[in-house]
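[1] mind folding the following:
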Amino acid sequence: MTRRLSARPVLLVLSAIGFLASARPVAAQDVAPDKPTKITADAAYISTNGNSEVTTVSGGDKLEHKHANWIFTQEARAVWGNVDGVETTAKYGASLRGDYLISSRLSSYLLGAWRREPFAGISRQFDEGVGLSWHAVVSKPHEVDLEGGAGLLQRKDTLGDEADFGTARTGARYKYSFTEKAYLEAKGAYLFNLKEARDSQGDGSVALVAPITGGFSMKFGYDVFYRNKPLPGLKTTDSSFSAGIQFSN
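    Numbers count the residues shown, from 1 in each chain. Have a look, this model is predicted:
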């Protein structure tokens, strides 16, 4: 993971896109029957020595279980970086979500999330929400979900100040399946602070997955976190790029 996109990661991503673009898009009849439980995990590690010592570690997991009309999802992600013995990056997050399928195009959701990003001014943050998801496009290779809801957020910043407020949430997800195991997925959500609109925040991610062999794939990811009223001295936007190995059952 690195803060700034260098030529090598860009070339790797472009090569993966070229490979995937040549593959035949997955059609409805190509899709294997869904497993009730799916587990996905990815990891990346970078270490350099010499004139500078840099260590970066990132990883995450996703557990999804389907039961009748319910889908339960657990996700977690961590990024940590160290340059010459000094911590330079620390991003941690985890979430639990339950979706109930009302119809083929509509579902309701209940979610809870935790975040810690000290370099973005967040010592700890909890977010709980409920809402509806509209599955606008459900026929592969394209999938589009749009959602909206409301919730509560509790946040403690690195200066020790605490805030609790209600939120309005909007979100979207797009996925394009090149093949059954190769895909491009982009998703994001924005939380409107109903107590102080200037202190709203949003995050988004893009992932490109290209299969290698068996359950292993190469995964390229780009994550963005935005807060329109950061702490003094901090920027409104944090982003990260990662390239690593993903395993799915």
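
[2] what about the helices in this structure?
    Secondary structure of the chain (DSSP state H): helices at 7-21.

[3] got the confidence number for the residue at minimal distance from the centre of the chain?
    The chain has residue 205 as the residue nearest its centroid, 4.9 Å off, counting by CA atoms, centre = their mean. Per-residue pLDDT puts residue 205 at 96.

[4] report the contact partners of it.
    Shown in contact with residue 205 (CB atoms under 8 Å, 6 or more residues apart in numbering): 186-188, 221-224. (C-beta placed from N, C-alpha, C; glycine too.)

[5] one more time with 10 Å, if that's ok
    Contacts here follow CB atoms under 10 Å, 6 or more residues apart in numbering; on that basis residue 205 touches 77, 173, 185-188, 221-225, 240, 242.

[6] ok, now residue 80?
    Applying CB under 10 Å, 6+ apart, the residues near residue 80 are 1, 55-59, 87-92.

[7] ok, 6 Å please
    57, 90 (CB atoms under 6 Å, 6 or more residues apart in numbering).

[8] identify the bridge partners of it.
    For residue 80, the beta-bridge partners are residue 57, residue 90 (DSSP bridges).

[9] quick one: it from residue 170, how far?
    30 Å (CB to CB, to the nearest Å).

[10] before we move on, what about residue 192?
    In terms of CB to CB, residue 192 sits 8 Å off from residue 170.

[11] cool, residue 96 as well?
    20 Å.

[12] what of residue 53?
    Residue 53 is 42 Å from residue 170, by CB to CB.

[13] repeat that for residue 185.
    From residue 185 to residue 170 the distance is 18 Å (CB to CB).

[14] low-confidence ranges in this protein?
    Across the chain, the ranges flagged by pLDDT under 70 are 1-33.

[15] if we use 50, what do you get?
    Within the chain, the stretches with pLDDT under 50 are 1-7, 28.

[16] where do the strands of it begin and end?
    37-48, 54-67, 70-83, 86-101, 106-117, 122-137, 142-157, 162-177, 183-193, 201-213, 216-227, 237-248 (DSSP state E).
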